[in-house]
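**Student:** Give me a 3D structure for the following:
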Amino acid sequence: MTAARWRVFGIATLVAFLAMVLWSLASPLGTSPDEPSHMIRAASTVRGDAYGTPNATDPSLSDVMVPRYVAQTAAYACTAFDPSVTADCQPHDVASPDDLVVSSHSANTGSPVYYAVVGLPSLVLSGDVALYAMRLVSALLTAVMIGSIFFALRELPRSRWASLTAVVASTPMLLYLGGSVNPNGVEAAAAGAVFALLVALLRVPAQGRVLLERVGLLLLAATLVTSSRSIGLLWVVIATAAAALIADPAVVRDLVRRPLAWVAAGLCAAVCLLAVAWTITLPTVGSAVFSGAGTSPLQGFQTMLLRSFDLDGAVGLFGWVDTPSPTFTLVVYALAIGGPTIAALVLARGRARLAVILLGAALVLVPAVSQALVVSTLGYIWQGRYILAVLVCLLLMVGIALDDASDSAGPAVLRFCTVGLALIAAAQAFVFFMVLRRYVSGDSFLVAMLSRPAWQPPGGWLLLAVLYAIVMTAAVLLVRRSIAAASSRPTQPVSSR
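**Tutor:** Numbers count the residues shown, from 1 in each chain. Got it, this is the predicted structure:
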C-alpha cells in the first residue's frame, strides 16, 4: 500500500514536471504575466533583499540590486500585448551580465518564501541558463503539489471521478504558470493539495507512518499556498471548510486523540500566522491604477458577477493576457468543468452537495467581493487566473462527490472517462501549439512556422509540440488505467449525510 501511493505520487509528479518543462521552453523568457518582475524579486530575495526600497518616481515599484542579466528581463516584454510581435525582438547579449545593477519590480507584496527558493539558481548560474533554471525550480514545486493531489486521492476508498476531475483541474493555464517564474501556478496546485490531503486525513483512518506522510505533505502545501500571494490564507480557509463538511466523524474523533495531529495543526497554524505577520509588517507601497478606477463598489461587484463564468483566464490566457486559448480548447474545458459540476449538484447527497455549493459560491463571490473593495481606487485588477486555486478545489470536490454518490463501475463509466481524457489531451496539445505559433510566427499561418520561423525555442518548436502531445497522451493513458483498475473493484456509495 505504501509503495502504491508513493508510486502514484512519483508518476504524477514526473508527468506534471515534464509538461511544465516543455511549457518553460516553449514560452520565451519574460513573456508570462509579470515574469520579469518575479524574476527580479527572486534574484534580489535570494541575495538577502526581500523588501527593496521604494522607487523614487513610481511608488508601486521597488528598487533592488540584481545581476545585469536579470535586470534585462524587463526588455524581454517587447512581445507584450501585441500577438503579432514574435519573440525575436528580445535582446539577449548583455555586457558584464553578472555585475549587480539597480532594477525595479512590482512583485513587492507577496511573502519572500517562494522567491527565495526559485531564485537559488541565480546564485550559481548566469544568463538565460539561470533564468530557465529558475523556471524549472518553480515547475518542480508545482509538480510536487500536483503529485500530492494524486497521492491523497489514492488514499480514498474510490477516486474514479476524482482522478478525472484532477486531470481537468490541471488546466493549460496552471501548467503554463507552473512552468514560469510566477507564484500563481504553485499557489493553485498547493491549494488543491491542501484540500485533497485534508479530505484524506478527515475521511480515511491513519496512524504511524501513514499519518506522518499525510501531515508532512499537508504542511508543505500549506506553506507554499500561504507564501505565494497575500490571498493564499483565504484559500486555506476555504479548502479547510469544504474538507470539514465531508469529514467522517469517527475518523475525526480518532484523529484528535493522536498527538501528531495536534502537532501538525499547530505547525500549520504557525505557517498561517507567519503569512499574516508578513502582510502586516510589509512596508507600505503604492499600487498601479488600472482602467475603471472611480467605479462604485456596487458596480464593480455586479460587473464581476457577470464575468463569473468567463473562465478563459483560468483555462488559458497566455503571455501578457494577449494570447487567448483557441475555441476548441475553451469548449472542451467548458464541458469538462460544467458537466461534472452540474452532475455533482444533481447527484451528490447531504454534506457533499453543500461542499460543492460552498466552493462554487467562493468561485463566484471571491472575485466580486475582492474587486468591489478596491475598484474605486485601483480599477479592475482581477484576472481569471487569480481564482485557479478555488477552481482546482471545486473540481476535486466535484469528483469526490460523484464517487460518493455512484456505485456504478461498469464499462459505460470507463468509456465516458476515456472520451473525456482524450478530449482533454487534444485540447492541451492544441493550445500548446497555438501558443508556440504566437511566438514563432506571430499571427501568421502554419506555413510561416515551417518555412520562415522568426523565433525558435530551445530544441525547435516542432520537437516541443510533438513531445508535449506525447506527454499529454501518456498522462491520460496512465489516468485511464488507474480508473479502469478502480472500476474493476466492487464499491458501495459513501454516505455524506
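
**Student:** so which helix or strand takes in residue 219?
**Tutor:** helix 208-226 (DSSP states H and E).

**Student:** Could you name the helices and strands sitting against the helix or strand just after that helix?
**Tutor:** Counting by DSSP H and E, the next helix or strand C-terminal to helix 208-226 is helix 232-245. Applying 3 or more C-beta pairs under 8 Å, 6 or more residues apart in numbering; DSSP states H and E, one finds that helix 232-245 contacts helix 183-203, helix 208-226, helix 259-281, helix 350-378, helix 388-405. Bear in mind the C-beta positions are built from the backbone N, C-alpha and C, glycine included.

**Student:** Just want the angle from the fourth one to helix 232-245.
**Tutor:** Pointing back at helix 350-378 there. 160 degrees (axes from the mean of the first three to the mean of the last three C-alpha atoms, to 10 degrees).

**Student:** which of the residues in stretch 251-261 are buried?
**Tutor:** 251, 255, 261 (16 or more other C-beta atoms under 10 Å).

**Student:** Same list (the residues you listed) but as JSON lines, adding distance to residue 319.
**Tutor:** Shown next, in JSON lines, are the buried residues of stretch 251-261 (distance: C-beta to C-beta, whole Å):
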{"residue": "251", "distance to residue 319": "45"}
{"residue": "255", "distance to residue 319": "45"}
{"residue": "261", "distance to residue 319": "44"}
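
**Student:** Looking at the residues you listed, spot the one nearest residue 293.
**Tutor:** When the buried residues of stretch 251-261 are ranked by distance to residue 293 (C-beta to C-beta), residue 261 comes first, at 47.3 Å.

**Student:** Could you double-check that the closest one sits in contact with residue 253?
**Tutor:** No - using C-beta atoms under 8 Å, residue 261 is not in contact with residue 253; the gap is 11.2 Å.

**Student:** Show me the common contact partners of these two, please.
**Tutor:** When C-beta atoms under 8 Å, 6 or more residues apart in numbering defines a contact, no residue borders residue 261 and residue 253 alike.

**Student:** quick one: average confidence on the top helix by length along the chain?
**Tutor:** Selection of the longest helix in the chain by residue count, based on DSSP state H, yields helix 411-441. Averaged over helix 411-441, pLDDT sits at 91.

**Student:** and the helix or strand residue 11 falls within, what does it pack onto?
**Tutor:** Using DSSP H and E, residue 11 maps to helix 2-26. If contacts are counted by 3+ C-beta pairs under 8 Å, 6+ apart, helix 2-26 sits against helix 127-155, helix 172-178, helix 208-226, helix 411-441, helix 461-487.

**Student:** ok, residues contacting the very next helix or strand once past that helix?
**Tutor:** Using DSSP H and E, the helix or strand that follows helix 2-26 in sequence is helix 35-45. Under the contact criterion C-beta under 8 Å, 6+ apart, helix 35-45 has outside partners 29-30, 50, 52, 62, 64-67, 70-71, 73-74, 76-77, 103-108, 112, 114-116, 118-119, 122, 131, 134, 180-183.

**Student:** Check the model's average confidence along helix 35-45 for me.
**Tutor:** Rounded mean pLDDT across helix 35-45 is 95.

**Student:** Just the angle for that helix relative to helix 127-155, thanks.
**Tutor:** 90 degrees.

**Student:** How far does helix 35-45 sit from its chain's centre?
**Tutor:** 19 Å (C-alpha atoms, centre = their mean, to the nearest Å).

**Student:** hang on, the earlier thing: now the angle from the helix holding residue 11 to helix 127-155?
**Tutor:** Using the same axes, to 10 degrees: helix 2-26 against helix 127-155 is 150 degrees.

**Student:** Now helix 2-26: buried residues?
**Tutor:** So, applying 16+ other C-beta under 10 Å, buried residues of helix 2-26: 5, 8-9, 11-13, 15-26.

**Student:** cool, stretch 45-54 as well?
**Tutor:** 45-47, 49-50, 52, 54.

**Student:** And for stretch 328-347?
**Tutor:** Quick answer for stretch 328-347 (16+ other C-beta under 10 Å): 329-330, 332-333, 336-337, 340-341, 343-344.
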